[in-house]
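**Student:** structure of the sequence below:
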Amino acid sequence: MRTRGMGPDVPAPDRPWDEIVPGLWMGGHEFRRPAGRLEFAVVRDEFDLVQTLLRLPGHGPDLGVEHHVWPIPDGPLDGTQLAGVIRLAEAAGEALDGGRKVLVRCYHGYNRSGLVVAHTLMRRGGGAEDAIRLIRARRSPWALHNDLFVAYLRAGLATVRQLEELAE
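**Tutor:** Model (predicted):
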């Protein structure tokens, strides 16, 4: 099972965040400038709602910006963690319906944020494969390289959550 890697095999993205569908952005806390230098992605007031799956101090957003924080690992999730991911996707969808601009972020903006963004897209009528393809095309080919998260999406997060809760 592949999960987030910190080595050179998983490069930092070229941009702090990318728009996946109108109003729904996916990003991270670090990106690589064209000159190759790593830089922190700091959110100010560019978004109406920021959802953070890995919180690092000093990365924003500004006071007054709605901020949901739900730290999860880039690996197996328990029922409570999955319930939080589902709630974040619901909140992102509601914000989009209200015309708000949403950023979902994790470390590089590949896996954890991809799980929430994909589930948001699926709740809006798309299938798992279409959501995964769109995210990889718009964010990075490295997006959703965590095979476990792809399996979660294909099975459906609600189903995976029920199975996890039964196992607990």
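**Student:** find the residue at the geometric middle of this structure.
**Tutor:** With distances taken as C-alpha atoms, centre = their mean, the residue of the chain nearest its centroid is S113 (0.8 Å).
**Student:** helix or strand: which one has it?
**Tutor:** Per DSSP states H and E: S113 is located in helix 112-123.
**Student:** quick check: what element follows that helix along the chain?
**Tutor:** helix 128-138.
**Student:** what about that next one, average pLDDT?
**Tutor:** Regarding helix 128-138, the rounded mean pLDDT is 98.
**Student:** so which other helices or strands are in contact with it?
**Tutor:** strand 17-21, helix 112-123, helix 147-155 (3 or more C-beta pairs under 8 Å, 6 or more residues apart in numbering; DSSP states H and E). C-beta coordinates here come from the backbone N, C-alpha and C atoms, glycine included.
**Student:** turn those into TSV, columns for distance to L54 and mean pLDDT.
**Tutor:** Conversion of these to TSV gives the following (distance: least, C-beta to C-beta, whole Å; pLDDT from 0 to 100):
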stretch	distance to L54	mean pLDDT
strand 17-21	14	98
helix 112-123	7	98
helix 147-155	14	98
